[in-house]
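1. heads up, no residue letters with this:
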């Protein structure tokens, strides 16, 4: 039996693959390829899609998943850390764009309600395109990147009230006051139910589901929560999108939010593709070319107006003039949520067919131009800066001179350690990291362990470390060392390969059971593979601490502490024989920190040249830490003193000899 919509699905996905490949070839976002697919295959193109209604139904599922993921990723703690940018910058940008757009289009003869709604549409920028380009350029943590992120978060939040108030703007209610009151009561009731589910029901349910260790069961449970909440809000007269957003909020504060996002993303990507294709199908190419001059003028006004308004928001936030210009360029396009909102406008008969075609044309052009604008953002900024009158520049710079930095994001990690697997080895590594004051993050798949350790204050999350979302959350690209301490060889290999997709510089240490697993793990990107057959957890954290240049005597002291706590069978890495050291790393060179605890007269009180460390130990002294001062400009005449910390470079066996010479 033939499935009627199957033909359309094959056509859409097939053309999408070709279009996305073409657009990626020119480094353009995949969203534009999907929109182009709709233009080509839709009724205004080649007319290949007949079951347009069914395609729209698939796109609705995409919208549900899109709002669900936004709800899951919505963090009140993160929002608090950048609250000034979100609420001040976001309010200025959205409210300012609505007012300016309303004034312009109302003067051109649009009705009051259509003008207000046009302001809603134009005020939204593209979260998908802007954040993707900022991440690719490594500018997400720059001042203009933080402004763009904050304002985009505000837009993602405000789109939900916009959807709710669209029927009121359309005049489809008799008594506006009564309608708003009923609407608020419904929202309060749903929010109350969401809070009860988020606090008392869903965490316990997901804990039981996670304990079953069934990926299929976990995914099914998440999807049921998502669609059940969407169905609930729809059944009481609210939107499906709002229900999906609330479903995301239910899960967002649980221990399972990151894994839920990782599991839902593939579904979102597939179904949201149909959403963008369905939007492209609505664009009338004949209309575009017939009204090209007007559309280009509106596009220019949109880009300029949104850039100026967003830049004004950055001025109020007291950022420098260059950051003001860059922030405006980041947010000058019309975004994907405007398409979602426009569907609500059409459903409530606010947008006329003519206005809708103008909106589609202008929106798609601004989105298409965004990658080029951001590529040349620095050059554009230089030109604007040089052409702007000096008094205005000086005034903005004067305002920025006393700018107050917002609270740093408490989740921001840098140069940290990531521990994957929290068994005995993982716990030992974490304990060593705490002793050495090294920041770290833990990924664990056992829900009971996650719950227990989180209550103890450990920075641990539930999730599969082979998923992109989990690795992004622990900011793997900024980590210095990753320790993979799990017992599943196939999962270990997947994790190593996935980490290497994010970073080629992070140092990966892997624990395996057998020696014969070393070679394959190293081929996938592991830097060090430690088999249980001849190594122990002390060896793992010793290598971690050495990589962070922790003094060798401190490492030794900690290993003695571990040994005294019933780990007598663990041998000390500093007491192994010279031959053992040769077997492990005779071919390697490493950098380490040696503390001069003993007043050895052949070294302490001598110059570097007189100590003959180079000739006696074949070690190079790179720098000397003396109290709070780090001496890097050193030569043969530099004196070596008691309690100095020597940063030396050479073979591990020679470093061990020097350390034994100078320690107490």
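-> Perfect, thanks for sending it. This one's a predicted model, so the numbers in the text were calculated from it and none came from an experiment.
2. what's the distance between residue 394 and residue 28?
-> 39 Å (CB to CB, to the nearest Å). Glycine gets a C-beta too; all of them are placed from N, C-alpha and C.
3. ok, those two, which is more surrounded?
-> For residue 394 against residue 28, the residue with the higher neighbour count under other CB atoms under 10 Å is residue 28, and the figures read 19 against 11.
4. What's the local residue count around residue 356?
-> Residue 356 is surrounded by 18 other residues when neighbours are defined as other CB under 10 Å.
5. That one contacts residue 346, doesn't it?
-> Yes. Counting by CB atoms under 8 Å, a contact exists between residue 356 and residue 346, whose distance comes to 6.5 Å.
6. Low-confidence ranges, the stretch 51-200 of the chain, go.
-> 51, 74-81, 135-136, 138, 140-141, 172-177, 179 (pLDDT under 70).
7. Tell me where it has helices.
-> Remark: helices assigned in the stretch 51-200 of the chain by DSSP state H, counting those that start in this stretch are 52-73, 76-81, 83-84, 90-107, 112-123, 127-137, 143-169, 176-196.
8. Now do the fifth one: distance to the chain's middle.
-> This means helix 112-123. In terms of CA atoms, centre = their mean, to the nearest Å, the gap separating the centre of helix 112-123 from the centre of its chain is 31 Å.
9. do the last one as well
-> For helix 176-196, the distance between its averaged C-alpha position and the chain's averaged C-alpha position is 32 Å (CA atoms, centre = their mean).
10. do the first one as well
-> Centre-to-centre, helix 52-73 and its host chain are 21 Å apart (CA atoms, centre = their mean).
11. So which bits of that helix are buried?
-> By neighbour count on 16 or more other CB atoms under 10 Å, the buried set for helix 52-73 is 55, 58-73.
12. Likewise for the fifth one?
-> Judged by neighbour count (16+ other CB under 10 Å), helix 112-123 contains these buried residues: 113-123.
13. for that helix, packing partners?
-> When contacts are defined as 3 or more CB pairs under 8 Å, 6 or more residues apart in numbering; DSSP states H and E, helix 112-123 sits against helix 90-107, helix 143-169, helix 292-316, helix 336-347, helix 353-375.
14. Looking at these, spot the one closest to residue 48.
-> In terms of CB to CB, the element of these nearest to residue 48 is helix 353-375, at 19.4 Å.
15. Remind me what that closest one packs against, helices and strands.
-> Packing contacts for helix 353-375, counted by 3+ CB pairs under 8 Å, 6+ apart, involve helix 30-41, helix 112-123, helix 127-137, helix 257-282, helix 285-290, helix 292-316, helix 321-330, helix 336-347.
16. Which one, of these, ends up nearest to residue 417?
-> Of all these, the one in closest proximity to residue 417, counting by CB to CB, is helix 257-282 (18.5 Å).
17. So which elements touch the closest one?
-> Contact partners of helix 257-282 among helices and strands, from 3+ CB pairs under 8 Å, 6+ apart: helix 6-25, helix 30-41, helix 52-73, helix 215-235, helix 336-347, helix 353-375, strand 460-462, helix 468-473.
18. Out of those, which is the most enclosed?
-> helix 30-41 (a mean of 24; mean count of other CB atoms under 10 Å).
19. Surely residue 272 touches residue 65?
-> Yes. When contacts are counted by CB under 8 Å, residue 272 is listed as touching residue 65 (6.6 Å).
20. Next, show the common contact partners of these two.
-> Where contact means CB atoms under 8 Å, 6 or more residues apart in numbering, no residue is in contact with each of residue 272 and residue 65.
21. gap between the residue nearest to residue 22 when sequence neighbours are not counted and residue 24?
-> Among residues not flanking residue 22 along the chain, residue 33 sits closest, at 6.9 Å (CB to CB, 6 or more residues apart in numbering). Relative to residue 24, residue 33 is positioned 7 Å away (CB to CB).
22. Residue 274 now?
-> Counting by CB to CB, the gap from residue 274 to residue 24 is 20 Å.
23. now do residue 654
-> According to CB to CB, residue 654 and residue 24 sit 50 Å apart.
24. And for residue 530?
-> Residue 530 sits 39 Å away from residue 24, going by CB to CB.
25. got it, and residue 245?
-> Here residue 245 is placed at a distance of 30 Å from residue 24 (CB to CB).
26. Same list, the helices and strands packed on helix 353-375, but as CSV with distance to residue 509 please.
-> Below are the helices and strands packed on helix 353-375 laid out as CSV (distance: least, CB to CB, whole Å):
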stretch, distance to residue 509
helix 30-41, 35
helix 112-123, 49
helix 127-137, 27
helix 257-282, 23
helix 285-290, 56
helix 292-316, 43
helix 321-330, 38
helix 336-347, 41
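27. Now tell me which of these the model trusts least on average.
-> Set side by side, the helices and strands packed on helix 353-375 differ in mean pLDDT, and helix 127-137 is lowest with a mean of 74.
28. and that one, how far from the chain's centre?
-> On the basis of CA atoms, centre = their mean, helix 127-137 sits 10 Å off its chain's mean C-alpha point.
29. which strands and helices sit next to it?
-> With contacts defined as 3+ CB pairs under 8 Å, 6+ apart, helix 127-137 has these neighbours: helix 143-169, helix 336-347, helix 353-375.
30. how about these, which one is nearest residue 232?
-> Among those, the nearest to residue 232 by CB to CB is helix 143-169 (15.3 Å).
31. before we move on, back to that, can you convert the helices of the stretch 51-200 of the chain into JSON lines and add a column each for distance to residue 640?
-> Written out in JSON lines, the entries for the helices of the stretch 51-200 of the chain read as follows (distance: least, CB to CB, whole Å):
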{"stretch": "helix 52-73", "distance to residue 640": "53"}
{"stretch": "helix 76-81", "distance to residue 640": "45"}
{"stretch": "helix 83-84", "distance to residue 640": "50"}
{"stretch": "helix 90-107", "distance to residue 640": "57"}
{"stretch": "helix 112-123", "distance to residue 640": "65"}
{"stretch": "helix 127-137", "distance to residue 640": "45"}
{"stretch": "helix 143-169", "distance to residue 640": "43"}
{"stretch": "helix 176-196", "distance to residue 640": "64"}
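32. if we compare those helices, which one ends up closest to residue 388?
-> Comparison of the helices of the stretch 51-200 of the chain against residue 388 by CB to CB identifies helix 143-169 as nearest, at 16.8 Å.
33. any idea how far the closest one is from the chain center?
-> Taking CA atoms, centre = their mean, the mean C-alpha location of helix 143-169 is offset from the chain mean by 19 Å.
34. likewise stretch 338-350?
-> Averaged C-alpha coordinates place stretch 338-350 at 30 Å from its chain's average position (CA atoms, centre = their mean).
35. got it, and stretch 15-23?
-> Between the centre of stretch 15-23 and the centre of its host chain there is 25 Å, according to CA atoms, centre = their mean.
36. pLDDT of that stretch, averaged?
-> Mean predicted confidence for stretch 15-23 is 91.
37. contact partners of that stretch?
-> Here stretch 15-23 makes contact (CB under 8 Å, 6+ apart) with 29-30, 32-34, 36-37, 40-41, 48, 273, 277.
38. Got the domain ranges for the chain?
-> Following automatic domain parsing, the chain resolves into domains at 61-267+301-386, 417-575, 590-662.
39. Tell me the secondary structure at residue 621.
-> Recorded secondary structure, residue 621: strand (DSSP: H, G, I helix; E, B strand; the rest coil).
40. how deep is it tucked in, by neighbour count?
-> For residue 621, the neighbour count with other CB under 10 Å is 20.
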